[in-house]
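> Kindly return the folded structure for what I paste below:
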Amino acid sequence: MKHLTRIMLASAMALGSMAPAAIAEDLVVGFTADANTLDPGNHRNRETETIIRNMYDGILTRDSGMNILPQIAESYTQVSPTVYDFKIRKGILFHDGTELTPEDVKFTLDRLTSEGGTGDGQTSPRASLLGPFKSAEIVNGDTVRVTLSEPWPLLPAMLPFQEVVSKDFVEKVGTEGLATQVNGTGPFKLVEWRKGDSVIMERFEDYYGGAPGIPPVGKACVERAIFKIIPESASRVAALLAGDVHIINELPPFAVEQVRNSPNAEVMTVNGTRSFFIAMNVKGEIFDDIRVRQAVAHAIDKKLIIDKILGGNAEAINGILSPDAFGKNKDLDGYSYDPEKARALLAEAGYPDGIEVTMDVQGSYKDTAQAVASLLTKAGIKTQVAVGESGLLSQKWRTEGGEKTGDMYFTSWGNGSLDPQGIFMPTHHTAARGNSAGYSNPEVDKLLEEAATEVDREKRAEMYRKAEAIAAADVPYAYLWVPQDIYGVSKRLSGWQPSPDSRINLHDACLK
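The predicted model follows:
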């Protein structure tokens, strides 16, 4: 009743703030956060990416099954371990009516990777997403050749995250103008960005149709699309149930059954790409003993948390990789829930009366962390939850090569490409930026380094499977779960499917 009351009270608020009002042809998304910028090259934010990707297209894209497909590129070929050719499709128009050329593609890649490339001395925060990029050049008139400084099989998987901009437009409006103006090649063009309120888009009538491999090919189904910013969960749910929005992201578990029972809305889920885990400071005086780390792993009833706290909308993991990731080791046994075994391991490690620890967490994960802390405490690991601001926690736990000062850190790492390089390397390689546990194993380092440049797909997968088995045995982290992304969707909506990379692609979405 408590949650239901919150939703009912929020309904009036949501309805009163629904400017601009939806009309029959408007498709409205109730979205958790506004864009940080509309410049595709100046952010590292998933919500910003989701909004922008409806107005810009990329060289490559993904379908809802995470398959990589040509988009602005007509085709692509790996010429050698360090050279890729992308043949650019003819007849693609920017929103201002000018034609996209291979020069625009080259300019985009140079802008993303050059020092100071995004103007005013700024280097794109997305530069690292293109790995060992060396150069882009135009060959044969219609082909952009990308050369890497070393083999990097991840390149095709990372290109769907990069949108192509117009060279002439960027030179005309500059970096400052690109932050608020859009001239893309995507299915929608910008009408107005009401910061903090909504991003309003309309159908681009001269759209080339999008990736041929993702039918239907053609113009967007709806005339207008709006990302309405509704940060508060109950307000998003209320707006969906009232019919004022047609898609909401991050449907809270407490509202799943209410939406399922609604006559005008339904629930859609998809496996996410964010792994949750608890980093244990292996350089500290407590967790340098593997038996203590094993005790933590045995003390957590993952099934209970998933069922009772996460509403059953997550999948347990025994290693860092998502169940859908390339190279996932599917034979990891993991640690069964066994609090008595946990107490025995603590005693064996010299702690017959248990231990007292503090677990850091950011506010959005507080409730789940407290549930985990309760289980740990019952197993003799008396755990106090300390809520901190995400930026300060990153400084404390994710300073590259820095000394750790805490005990435990309940956190997560996203991996939209579902390639191990995007999550395994930063969280497990010695002194990497996301290695919150302070973990170091030379064999794991070697496997991750070799896999990063291995061009034989099966050999590369086997390296990751072996590395994940070694790391799981070392237990630097208590590996927890990968939540599903949960959406509330109007029954008037058709043609739309959620994607594991959290993208909300509105090109194919229609309203009945």
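
> those strands in the stretch 251-400 of the chain, which residues are they?
Using DSSP state E, counting those that start in this stretch, the strands found in the stretch 251-400 of the chain span residues 265-271, 274-280, 314-316, 355-362, 381-388.

> Could you export those as a markdown table, including mean pLDDT?
What follows is the strands of the stretch 251-400 of the chain, written out as a markdown table (pLDDT from 0 to 100):
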| stretch | mean pLDDT |
| --- | --- |
| strand 265-271 | 94 |
| strand 274-280 | 97 |
| strand 314-316 | 95 |
| strand 355-362 | 96 |
| strand 381-388 | 97 |
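
> Deepest-packed of those strands, please.
Among the strands of the stretch 251-400 of the chain, strand 274-280 has the highest mean neighbour count (mean count of other C-beta atoms under 10 Å), at a mean of 25. Every C-beta, even on glycine, is put in place using the N, C-alpha and C of the backbone.

> Quick one: list the elements packing against that strand.
Using 3 or more C-beta pairs under 8 Å, 6 or more residues apart in numbering; DSSP states H and E as the contact definition, the elements that strand 274-280 packs against are helix 290-299, strand 408-414, strand 477-490.

> Relative to Ser198, tell me which of those wins on proximity.
strand 477-490 (17.6 Å; C-beta to C-beta).

> I'd like to know which elements the closest one is packed against.
Using 3+ C-beta pairs under 8 Å, 6+ apart as the contact definition, the elements that strand 477-490 packs against are helix 233-241, strand 247-248, strand 265-271, strand 274-280, helix 290-299, helix 302-308, strand 314-316.

> Throw these into a markdown table and include distance to Leu375, thanks.
A markdown table is the format used below for these (distance: least, C-beta to C-beta, whole Å):
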| stretch | distance to Leu375 |
| --- | --- |
| helix 233-241 | 25 |
| strand 247-248 | 31 |
| strand 265-271 | 24 |
| strand 274-280 | 11 |
| helix 290-299 | 6 |
| helix 302-308 | 8 |
| strand 314-316 | 14 |
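
> so what are the domain limits for the chain?
Per the record, the chain has its domains at 57-167, 274-483, by automatic domain parsing.

> Out of the helices and strands packed on strand 274-280, the one nearest Ser262 is which?
Smallest distance to Ser262 across these (C-beta to C-beta): 8.6 Å, for strand 477-490.

> Show the average pLDDT along that closest one.
Strand 477-490 comes out with an average pLDDT of 96.

> The strands of the stretch 251-400 of the chain into JSON lines, with extra columns for distance to Leu332?
Conversion of the strands of the stretch 251-400 of the chain to JSON lines gives the following (distance: least, C-beta to C-beta, whole Å):
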{"stretch": "strand 265-271", "distance to Leu332": "17"}
{"stretch": "strand 274-280", "distance to Leu332": "13"}
{"stretch": "strand 314-316", "distance to Leu332": "11"}
{"stretch": "strand 355-362", "distance to Leu332": "24"}
{"stretch": "strand 381-388", "distance to Leu332": "23"}
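
> Output the domains of the chain in JSON lines, with distance to Val237 appended to each entry.
What follows is those, written out as JSON lines (distance: least, C-beta to C-beta, whole Å):
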{"stretch": "domain 57-167", "distance to Val237": "24"}
{"stretch": "domain 274-483", "distance to Val237": "14"}
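
> Any idea which of those gets closest to Pro216?
When the domains of the chain are compared for distance to Pro216 using C-beta to C-beta, the nearest one is domain 57-167, at 12.7 Å.

> Export the helices and strands packed on strand 274-280 to JSON lines and append columns for distance to Ile214 and mean neighbour count.
Listed next are the helices and strands packed on strand 274-280 as JSON lines, based on distance: least, C-beta to C-beta, whole Å; neighbours: other C-beta atoms under 10 Å:
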{"stretch": "helix 290-299", "distance to Ile214": "41", "mean neighbour count": "23"}
{"stretch": "strand 408-414", "distance to Ile214": "23", "mean neighbour count": "22"}
{"stretch": "strand 477-490", "distance to Ile214": "19", "mean neighbour count": "24"}
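
> wait, which of the strands of the stretch 251-400 of the chain is closest to Ser336?
Using C-beta to C-beta and comparing those, the one that lies nearest Ser336 is strand 314-316, at 11.2 Å.
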